[in-house]
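Asker: 3D model of this:
(one chain, ligands or ions: 2)
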Amino acid sequence: MKQAARAEAFQRLQTLSSDDRVAASGFICRRLLEMPELRQARTALLFRPLRDEPDILPLVRELRAAGIRIGFPVYPLPDELIHHESPMPRMYFRELPPMLDPGSLRGSNARSLPDVRLEPDTNTVLLAPGRGFTTAGVRLGRGGGYYDEYLAYWRERTQFLTAGVCFARQIFDSLPATETDQSLDMVCTELDLIQAP
Ligand SMILES: Nc1nc2c(c(=O)[nH]1)N(C=O)[C@@H](CNc1ccc(C(=O)N[C@@H](CCC(=O)O)C(=O)O)cc1)CN2
Ligand SMILES: Nc1ncnc2c1ncn2[C@@H]1O[C@H](COP(=O)(O)OP(=O)(O)OP(=O)(O)O)[C@@H](O)[C@H]1O
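Answerer: Ligands and ions are numbered 1, 2, ... in the order given. Have a look, this model is predicted:
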């Protein structure tokens, strides 16, 4: 079920040219910066976009100027997941040091950052990538379960706002959801900021 939806998402993304991607990413960033919750946050947990994801890195400059701390995810590679019995989620966020250009970080995994960890609290906004979302905030990820595990753990401990970020063509009428799927409070595309019910 999820594999079929991921294949569908892949097909839809294939038809987005790189020029379209750049333009849509610009609209997405503008829309995100209009979100009062993000402007007023103390911590923004972002992601380092992979090639077919919206480029949200231009947010870094604006958020920094507003004094907001920025974190990027660090996660273990599949071959390191030999046995995972820790109660802590596998993924965590490292703070982007004030002077560092995020463009100099390679790949989606922020392992080259110093190990200064940021945990979510009530003044945190987390932006999540995804292969697809519904307008109800249901998220289809890449299949690692990283965000589900992270959100399940931290939502038991604190409250924070979560928004999915994707291109409008990644919005699905419905997605196969399982017991462990964590849905998001909002979804931002180049066309809308959708508030999940
Ligand atoms: N940008 C981004 N960060 C994310 C996610 C994501 O979907 N997007 N994840 C969602 O849960 C987690 C990691 N899951 C991932 C699963 C597969 C690949 C992947 O296909 N990687 C490429 C290498 C890309 C690179 O690192 O530059 C590969 O293995 O070929 C990456 C992340 C946490 N961080
Ligand atoms: N809280 C959790 N703790 C441990 N494993 C979990 C948790 N939530 C989900 N998983 C497991 O992760 C695996 C992948 O789940 P799923 O396909 O929903 O991931 P995804 O949301 O697409 O991935 P990602 O968040 O990495 O993009 C499933 O086997 C699921 O059982």
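
Asker: show me the contacts for Leu184.
Answerer: Leu184 makes contact with Ala128, Phe133, Gly137, Arg139, Thr162, Ala163, Gly164, Ala196, according to CB atoms under 8 Å, 6 or more residues apart in numbering. Just so you know, the C-beta spots here come from the backbone N, C-alpha and C atoms, and that holds for glycine as well.

Asker: Could you check how far it is from Leu161?
Answerer: Taking CB to CB, to the nearest Å as the measure, Leu184 and Leu161 are separated by 9 Å.

Asker: buried stuff in stretch 16-32?
Answerer: Arg21, Ala24, Ser25, Phe27, Ile28, Cys29, Arg31, Leu32 (16 or more other CB atoms under 10 Å).

Asker: what's near enough to touch the nearest residue to the fourth one once chain neighbours are set aside?
Answerer: Counting by CB to CB, 6 or more residues apart in numbering, the nearest residue to Phe27 once its immediate chain neighbours are dropped is Glu190, at 3.8 Å. Contact criterion CB under 8 Å, 6+ apart gives Ala23, Ala24, Ser25, Phe27, Ile28, Arg31, Pro54, Phe167, Ala168 as the residues in contact with Glu190.

Asker: Then Phe93?
Answerer: Leu45, Gly71, Phe72, Pro73, Val74, Ala110, Arg117, Leu118, Glu119.

Asker: rerun that using 7 Å as the cut-off
Answerer: By CB atoms under 7 Å, 6 or more residues apart in numbering, the residues touching Phe93 are Leu45, Gly71, Phe72, Pro73, Arg117, Leu118.

Asker: Buried only: go through the residues you listed for me.
Answerer: Leu45, Gly71, Phe72, Pro73, Leu118.

Asker: Need the residue closest to the centroid of the chain.
Answerer: Centroid-nearest residue in the chain, with CA atoms, centre = their mean: Ala128, separated by 1.8 Å.

Asker: one step back: closest to ligand 2 among the contacts of Leu184?
Answerer: Arg139 (6.2 Å; CB to the nearest ligand atom).

Asker: and the closest residue to Thr189 other than its chain neighbours, how far is that from ligand 2?
Answerer: Residue nearest to Thr189 in three dimensions, not counting chain neighbours: Ala168, with 4.2 Å by CB to CB, 6+ apart. Distance, Ala168 to ligand 2, by CB to the nearest ligand atom, to the nearest Å: 20 Å.

Asker: and Ala168, how many neighbours does it have?
Answerer: Look at Ala168: counted by other CB atoms under 10 Å, it has 16 neighbours.

Asker: The one 3 residues further on now?
Answerer: Residue crowding around Ile171 was assessed by other CB under 10 Å; the count is 19.

Asker: mind checking pLDDT for the residue nearest to Phe27?
Answerer: Listed pLDDT for Glu190 reads 98.

Asker: Need the three-state assignment for it.
Answerer: coil (DSSP: H, G, I helix; E, B strand; the rest coil).
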